[in-house]
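[1] here's my sequence, what's the structure:
(chains A and B)
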Amino acid sequence: MKAAVIVFPGSNCDRDLKTAFQAAGFDVSMVWHKDATLPDGVDLVGVPGGFSYGDYLRSGAIAAQSPICRAVADHAVRGGYVLGICNGFQILTETGLLPGALMRNQRIKYICRTVPLVVGEGDSVFTSGYEAGQTIHIPIAHHDGNYVADDQTLERIRAEGRVAFTYADNPNGSVHDIAGIVSENGRVLGMMPHPERAADPALGNTDGRRLFAGLAEAFATA
Amino acid sequence: MKARVIVMLKTGVLDPQGEAIRHALGAMGFDGVEGVRQGKVIELELADSTSEDEITRMCERLLANTVIESYRIET
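    Sure thing, here's the model as predicted:
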């Protein structure tokens, strides 16, 4: 079980994500954004939170054009797994691996607090550690987390069961309370909340741990 | 040559920053500000041989996120 975590200039959740992957049993390598290839045999790529390239132009826009993102896109096209958290979600929408976009929070403010999330109905491996409809508490920390997409896209992702998480109490204006979505094949997840910040008892919250455990279980039995 | 790219949120996409500006103007006593949209201006210094097509590709691939933004090129 091999995972890679991408490091951009301005990433700041890369080591937390590495720790969460390791705790779930993954061998983790850190991959610099200028690398054009992923290490051999990587099953899962983590695109971490932070402020890649200082959020210049738009959050995630410059990172999406970096050499490693081409490799991540190829990995996804080959059916590989990708987990983008916060800025990682923004990067995945900017690369086009996930539909829609993340705009400035509706009430403008940067929001940093733990919020209740409801687990979606879909059968994605990312949510396999949870029950559909279960409420979990996960921290958010973002300025641009207001998910938008056109009506046709929204209808499609909802009909296909691709909404992985919704906010129980919408903090940022996201359409349909969307906090996280998966790709058509269910193998790419983008989410604004930070499960890696709730994956160790020392952090006072382990609600995020089952996301990583569910992934590890899926790979172990594959 | 120079080109100027104006990027705006598409009509119908709520602009929280524009709304905040509108509120601030109202609070300052400027009555009658019915709407504010905030966008960005990107000025490009380009080789004379740069075609409009190429600038369009720059906009489509990087300068604007066409999911939520529209753009206009002035040369």
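[2] name the residues of chain A found near chain B, please.
    A:57-58, A:61, A:65, A:93-94, A:99-101, A:103-108, A:146, A:148-150, A:173 (Cβ under 8 Å from any Cβ of the partner chain). The C-beta positions use only the backbone N, C-alpha and C, and glycine is treated the same way.
[3] what subset of those residues is buried?
    A:57-58, A:61, A:65, A:93-94, A:99-101, A:103-106, A:146, A:148-150, A:173 (16 or more other Cβ atoms under 10 Å in any protein chain shown).
[4] select from those residues every entry located in helices.
    Among those, DSSP state H puts A:T93, A:E94 in helices.
[5] for chain A, just list every one of the strands.
    Counting by DSSP state E, chain A has strands at residues A:2-7, A:27-32, A:44-47, A:81-85, A:101-103, A:111-119, A:135-142, A:146-148, A:163-167, A:178-182, A:188-191.
[6] and the residue of chain B closest to chain A?
    Closest residue of chain B to chain A, Cβ to the nearest Cβ: B:V67 (4.3 Å).
[7] so who does that residue touch?
    For B:V67, the contact set (Cβ atoms under 8 Å, 6 or more residues apart in numbering or on different chains) comprises A:T93, A:P99, A:G100, A:A101, A:V148, A:A149, A:D150.
[8] what residue of chain B is the furthest out?
    B:G29 (26.5 Å; Cα atoms, centre = their mean).
[9] correct me, but B:T56 touches B:I73?
    Yes - between B:T56 and B:I73 there is a contact at 6.8 Å, judged by Cβ atoms under 8 Å.
[10] tell me the helix or strand right after whichever strand in chain B runs longest.
    The longest strand of chain B (DSSP E) is strand B:2-9. Using DSSP states H and E, the helix or strand that follows strand B:2-9 in sequence is helix B:16-27.
[11] pull the CA atoms of the lowest-mean-pLDDT helix or strand in chain B into CSV?
    When the helices and strands of chain B are scored by mean pLDDT, DSSP states H and E, helix B:16-27 comes last with a mean of 94. Presented in CSV, the C-alpha positions along helix B:16-27 are these (Å, rounded to 0.1, in the frame of the first residue of the first chain):
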residue,chain,number,x,y,z
PRO,B,16,-19.7,37.9,-2.0
GLN,B,17,-16.9,40.5,-2.3
GLY,B,18,-18.9,42.7,-4.5
GLU,B,19,-21.8,42.5,-2.0
ALA,B,20,-19.5,43.5,0.8
ILE,B,21,-18.3,46.5,-1.1
ARG,B,22,-21.9,47.5,-1.8
HIS,B,23,-22.7,47.3,1.9
ALA,B,24,-19.7,49.3,2.8
LEU,B,25,-20.6,52.0,0.3
GLY,B,26,-24.1,52.1,1.7
ALA,B,27,-22.8,52.4,5.3
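[12] same question for it: list its buried residues.
    Buried, per 16+ other Cβ under 10 Å, within helix B:16-27: B:P16, B:G18, B:E19, B:R22.
[13] against chain A, which of these make the cut? List them.
    B:P16.
[14] before we move on, the earlier item: tell me the average confidence for the longest strand of chain B?
    Strand B:2-9 shows a mean pLDDT of 97.
[15] what strands flank it, and is each parallel or antiparallel?
    Strand pairing for strand B:2-9, using DSSP bridges, gives strand B:40-45 (antiparallel), strand B:69-74 (antiparallel).
[16] list the buried residues of the last one.
    Read that as strand B:69-74. B:E69, B:Y71, B:I73.
[17] can you name the residues in contact with that strand?
    With Cβ under 8 Å, 6+ apart as the criterion, strand B:69-74 contacts B:3-11, B:52, B:55-56, B:59, B:63-64.
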